[in-house]
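In: Only the shape, not the letters, is given here:
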C-alpha cells in the first residue's frame, strides 16, 4: 500500500509538462520555423540589399571625392550669344562619356528613389536668357558625376510606383565618372528668347588629369 501511494505521489509531481516547459517548447519551435534570423530577421523571408529596403541599383553612388572640372565658355563671335536660364529646360553645357552616359543632371531627370516625379510633356525656356558679349566668358563647374538611366520597373525602384503620364520607364541615378576622354559641348542661342539658332562649341576633356577646360563658341 505504501509503495502504491509513493508511486502515485511521484507521478503527480513529475508526470506531464509544466506551463513554463510548454512555453519554452513553443518558443523554440517558433524560432526554428522562422529560420536562423528569427522572425523578421535576415534569415526569415525576403530581404533587400539597398538602404531602407531599396534596390542598390536605384540608389546614386556618386561621392564627394569625384574630381570637379572648371568649364570656361567663351564667345568668339562678333555678336552676343545668349545662354539658357541656369534652372531652365536646356543646359549651358553637356558632358558626354564614351560609354554613352552624360551630365549634368537635367530638368527632365528623376531620381530613382523619388515617388513625386517631374515629367513635363514639353519644356521651353522663353525668359531669363543671359547675354554673353563678344570675347566674354561664362564659368561653369562640372562635379565629376555622370547620370545613369535605370529601368525603374525591372529594378523595382520607388519611381516605378509613381510613374505618371508623360514619364518614361527610366529613372536616373548619379555615379562618379571614371578616367576617360570626354566631350564637352557648350550651348548658346542667337536670340534672347531661345527662338533663334542654336550655337555650340566642343572640346575634349582628359579626365581627371585636366581640371579646367576652355570651350569656344566660334563664328
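Out: Now that the structure is in, tell me what you want to look at. What you see is a predicted model; the values in this text were computed from it and never measured. Numbering: from 1, shown residues only.

In: domain assignment for this structure?
Out: In the domain annotation for the chain, the residue ranges read 17-47, 51-217 (automatic domain parsing).

In: Out of the ones you listed, name the one with the poorest average pLDDT.
Out: Per-stretch averages of pLDDT across the domains of the chain put domain 17-47 at the bottom, with a mean of 36.

In: hang on, the earlier thing: if you compare the domains of the chain, which one is most tucked away?
Out: Burial of those is given as mean neighbour count (mean count of other Cβ atoms under 10 Å); domain 51-217 ranks first at a mean of 16. Where you see a C-beta, it was placed from the backbone N, CA and C, and this is true even at glycine.

In: and that domain, how far out from the chain's middle?
Out: 14 Å (Cα atoms, centre = their mean, to the nearest Å).

In: Assess the claim that residue 80 and residue 133 are in contact.
Out: Yes. Residue 80 is within contact range of residue 133, at 5.2 Å (criterion: Cβ atoms under 8 Å).

In: could you list every residue that touches the residue nearest the centre of the chain?
Out: With distances taken as Cα atoms, centre = their mean, residue 173 lies nearest the centre of the chain, 2.4 Å away. Remark: with contacts taken as Cβ atoms under 8 Å, 6 or more residues apart in numbering, residue 173 is in contact with 57, 58, 59, 60, 61, 111, 112, 147, 148, 150.

In: residues touching the fourth one, list them.
Out: Neighbouring residues of residue 60 by Cβ under 8 Å, 6+ apart: 111, 112, 173, 174, 175.

In: Could you find the closest non-adjacent residue to residue 118?
Out: Spatially, and ignoring its direct neighbours in sequence, residue 118 is nearest to residue 110 (6.2 Å; Cβ to Cβ, 6 or more residues apart in numbering).

In: Give the helix, strand or coil label for the residue nearest to residue 85 when sequence neighbours are not counted.
Out: With Cβ to Cβ, 6+ apart as the criterion, residue 85 has its nearest non-adjacent residue at 3.6 Å, and that residue is residue 128. Here residue 128 is coil, with the state taken from DSSP: H, G, I helix; E, B strand; the rest coil.

In: Please tell me how far residue 128 sits from residue 178.
Out: Distance, residue 128 to residue 178, by Cβ to Cβ, to the nearest Å: 35 Å.
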